[in-house]
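Novice: A predicted structure for the sequence below; I have some questions about it.
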Amino acid sequence: MFLSPNVTKIEPSITLEIDARAKAMKAKGIDVISLSVGEPDFNTPRHICDAAIQAINDGFTHYTPATGIPELKKAVCDKFRRDNGLEYKPTQISINCGAKHSVFLAIYCLTCPGEEVIIPAPYWVSYPEMAKIAGGTPVIIEGSPETDLKVTADQVKNAITPKTKLIILNSPSNPTGMAYTEEELRALAEVIVDAGIYVISDEIYEKLVYDNVKHVSIGSFDKEIFNRTITINGVSKAYAMTGWRIGYTAGPEEIIKAMGTLQSQETSNPNSIAQKASIAALNGPEDSIAAMKEEYVKRREYIVNRLNAIDNVKCIKPEGAFYAFPDVSALYGKKYKGKVINGSFAFCEYMLESKNIAIVPGIGFGADNFVRISYATSMKNIETAMDRFESGVQALE
Ligand SMILES: Cc1ncc(COP(=O)(O)O)c(C=O)c1O
């Protein structure tokens, strides 16, 4: 069958390939530990579930306005004002079916065919493919280890051409866990405003920052950058609500309106029950987040120390999210049973097949020297997985 280039131009997700293999091994009864998932291992807090049950009992089970119910938009406006110093009106808010959907809609509505989308690497796997779906050209710029895998304002400036439409920032980052400082963001904002491009700021890991790291929203500095920023967030990561599928976007009315038109023809509206649950999440107490963070901090400490104690493995300490992103490139060229480990995919394949741990190749994030290890799993799993990882590295010749 001849399929449309709309889809054949898109790369399948490398992370899903590893995940599918891990699941197939598990189905055969093999004791695989998965450190590949990007979702909290905690339950959605009780008060949020109760709000959803209440919505069902109240019969709130029908279509809603395409871009979400007014009550949730108000809760989102309040959240942006309270947490981020961002003053949005409800007409500048769109509720979407998960932040992934928000990112897609924003990229699709902004990018004209042939326009360039600047994407700092390491990047979240979906950004370049979404830019391609929109007919845009991803322009990848690489964060270096010297700048904690973040890009500098100069790098962005040098990547801008007359065809550049936007840049996608993700802080704290999946996969690196690193967060841009206020100073770095101010320098980036200056370049963005000077060039007259847009920025999509994906802030989905905002609540998961550790130590004294402060999350800063790039749109909060002044009117000029505010008018060029599309801020995206959601309830998945902060409130352990990945399955509820609610994300939200804030930005200039014209863009939000276009996103609403697209969404109305595409999905009608986000789930009505999940919208009610998200109101309870955004307006409710945050002690569950504090408890989750406490657990993530312990796991991060453990995993980073274990990784850095292994010869030829280097891991920067992530400031947020729930991923460690070690550099394993010093092991490339080594062999196991005659098979050469020639990159991150071969390394992860080896760890899965020989050591029964599923981790994600950095190549999927545009960084082949690295692998991504999620610590959104129990300490017991992490301990066993790290033992296996260490013995796996030591077995390479
Ligand atoms: C950087 C980043 N943005 C967006 C998302 C999407 O989140 P959601 O579950 O709300 O679609 C993810 C999920 O993995 C992510 O890592």
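Specialist: Everything's here; your move.
Novice: what does the stretch 101-250 of the chain have sitting close to the ligand?
Specialist: Residues of the stretch 101-250 of the chain found near the ligand (CB under 6 Å from any ligand atom) are 103, 124, 170, 174, 202, 204, 234, 236, 242, 247. Placement of C-beta: from N, CA and C, glycine included.
Novice: quick one, phi psi at I357?
Specialist: I357 adopts backbone torsions of phi -130, psi 140, taken as degrees, to the nearest 10.
Novice: Please look at A250 and T231 and confirm they touch.
Specialist: Yes: A250 is in contact with T231 according to CB atoms under 8 Å; the separation is 4.7 Å.
Novice: which residues are common contacts for the two?
Specialist: Among the neighbours of A250, those also in contact with T231 (CB atoms under 8 Å, 6 or more residues apart in numbering) are 80, 86, 219.
Novice: ChimeraX command to pick out the buried ones of those?
Specialist: What follows is the ChimeraX syntax for the buried subset of the shared contacts of A250 and T231, where burial is set by 16 or more other CB atoms under 10 Å:
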select :80,86,219
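Novice: Just the ones of the shared contacts of A250 and T231 in strands?
Specialist: Nothing among the shared contacts of A250 and T231 maps onto strands, per DSSP state E.
Novice: pLDDT added to the shared contacts of A250 and T231, as JSON lines?
Specialist: JSON lines is the format used below for those (pLDDT from 0 to 100):
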{"residue": "F80", "pLDDT": "98"}
{"residue": "L86", "pLDDT": "98"}
{"residue": "G219", "pLDDT": "98"}
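Novice: State the distance from the single nearest residue of the stretch 251-397 of the chain relative to the ligand to M178.
Specialist: Closest residue of the stretch 251-397 of the chain to the ligand, CB to the nearest ligand atom: A321 (7.5 Å). Per CB to CB, to the nearest Å, A321 is found 9 Å from M178.
Novice: repeat for R46
Specialist: Separation of R46 from M178 (CB to CB) stands at 33 Å.
Novice: Comparing those two, which shows the higher neighbour count?
Specialist: Applying other CB atoms under 10 Å to R46 and M178 shows that M178 carries more neighbours, namely 24 against 10.
Novice: Which residues are in contact with the nearest residue in space to that one that is not next to it in sequence?
Specialist: Once flanking residues are discounted, M178 sits nearest to D148: 4.8 Å by CB to CB, 6 or more residues apart in numbering. The neighbours of D148, taking CB under 8 Å, 6+ apart as the test, are 176, 178, 316.
Novice: ok, now which ones touch the first one?
Specialist: What that stands for is T176. T176 neighbours (CB under 8 Å, 6+ apart): 122, 143, 148-150, 316, 318, 323, 325.
Novice: now it, what's its secondary structure?
Specialist: coil (DSSP: H, G, I helix; E, B strand; the rest coil).
Novice: that older thread, what do A321 and M178 both touch?
Specialist: Shared contacts of A321 and M178 (CB under 8 Å, 6+ apart): P172.
Novice: circling back: need the contacts of D148 in TSV (columns: pLDDT).
Specialist: Formatted as TSV, the contacts of D148 follow (pLDDT from 0 to 100):
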residue	pLDDT
T176	98
M178	98
I316	96
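Novice: List just the nearest of those residues to P285.
Specialist: M178 (28.7 Å; CB to CB).
Novice: what sits against the closest one?
Specialist: Here M178 is in contact with 148-150, 171-172, 316, 318-320 (CB under 8 Å, 6+ apart).
Novice: which ones are touching the residue nearest the centre of the chain?
Specialist: Residue closest to the average C-alpha location in the chain (CA atoms, centre = their mean): N174, at 4.6 Å. Contact analysis of N174 by CB under 8 Å, 6+ apart lists 38, 124, 204-205, 321, 323.
Novice: Could you rerun that using 7 Å?
Specialist: Residues near N174 by CB atoms under 7 Å, 6 or more residues apart in numbering: 38, 124, 205, 321, 323.
Novice: In terms of residue numbering, what are the domains of the protein?
Specialist: 5-43+288-394, 46-283 (automatic domain parsing).
Novice: And the shortest one, end to end?
Specialist: Terminal residues of domain 5-43+288-394 lie 44 Å apart, using CA to CA, to the nearest Å.
Novice: which residues of this protein fall in strands?
Specialist: 33-34, 93-96, 116-121, 137-142, 164-170, 198-202, 229-234, 247-250, 323-324, 335-336, 339-340, 357-358, 360-361, 371-374.
Novice: would you turn these into a markdown table with mean pLDDT and mean neighbour count?
Specialist: What follows is those, written out as a markdown table (pLDDT from 0 to 100; neighbours: other CB atoms under 10 Å):
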| stretch | mean pLDDT | mean neighbour count |
| --- | --- | --- |
| strand 33-34 | 94 | 22 |
| strand 93-96 | 98 | 28 |
| strand 116-121 | 98 | 24 |
| strand 137-142 | 98 | 16 |
| strand 164-170 | 98 | 24 |
| strand 198-202 | 98 | 25 |
| strand 229-234 | 98 | 27 |
| strand 247-250 | 98 | 28 |
| strand 323-324 | 98 | 26 |
| strand 335-336 | 94 | 14 |
| strand 339-340 | 94 | 12 |
| strand 357-358 | 97 | 24 |
| strand 360-361 | 96 | 28 |
| strand 371-374 | 97 | 27 |
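Novice: Alright, I will stop here.
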